[in-house]
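Enquirer: turn this into a structure:
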Amino acid sequence: MAISTCSKCGGHSFELALFTPIGDSRKLTLVQCSACGTAVGALDPSIGPQIDAVRNQIAAIDQKLARIAATLRDVR
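Expert: I've put the predicted structure just below:
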């Protein structure tokens with residue numbers, strides 16, 4: 001499998017960042033290198049709520065897994 005690489009610094013970690021273009025009121029979601037901040041792509045603004053929903057689902061799953069792990073530790 002190929003590994004995504006930043007063309008500026010060679011980093012391999014990316015993050016989402018909200019960006020408001022000059023003279024505009026709407027926000028865009030940029031994909032940027034988490035090491036140097038270079039923008040490598042932009043996402044359709046309408047998927048922002050979908051991304052937030054997935055983040056919330058992942059957080060809920062993480063909390064449930066943490067409770068399961070704690071219960072398993074207590075059982076031993």
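Enquirer: tell me how far Val31 lies from Asp24.
Expert: Distance, Val31 to Asp24, using C-beta to C-beta, to the nearest Å: 19 Å. C-betas here are computed from N, CA, C, even on glycine.
Enquirer: have a look at the two and say which one is more surrounded.
Expert: Val31 (14 against 9; other C-beta atoms under 10 Å).
Enquirer: which non-adjacent residue is nearest that one?
Expert: Gly41 (4.2 Å; C-beta to C-beta, 6 or more residues apart in numbering).
Enquirer: identify the residues contacting the helix or strand containing that neighbour?
Expert: Per DSSP states H and E, Gly41 falls inside strand 39-43. The contact list for strand 39-43, computed with C-beta atoms under 8 Å, 6 or more residues apart in numbering, reads 4, 6-7, 14, 16, 19, 28-33, 51.
Enquirer: can you tell me which of those are buried?
Expert: Cys6, Phe14, Leu28, Thr29, Leu30, Gln32, Cys33 (16 or more other C-beta atoms under 10 Å).
Enquirer: give the contact list for the residue nearest to the third one when sequence neighbours are not counted.
Expert: Read it as Leu28. In this structure, Leu28 finds its nearest non-sequential neighbour in Phe19, 5.0 Å apart by C-beta to C-beta, 6+ apart. Phe19 makes contact with Lys27, Leu28, Thr29, Leu30, Ala39 under the criterion C-beta under 8 Å, 6+ apart.
Enquirer: where's Phe19 relative to Val54, distance?
Expert: 20 Å.
Enquirer: please apply the same query to Ala39.
Expert: The value you get for Ala39 to Val54, if C-beta to C-beta is used, is 22 Å.
Enquirer: and for Arg67?
Expert: 21 Å.
Enquirer: cool, Val40 as well?
Expert: Relative to Val54, and taking C-beta to C-beta, Val40 is found at 20 Å.
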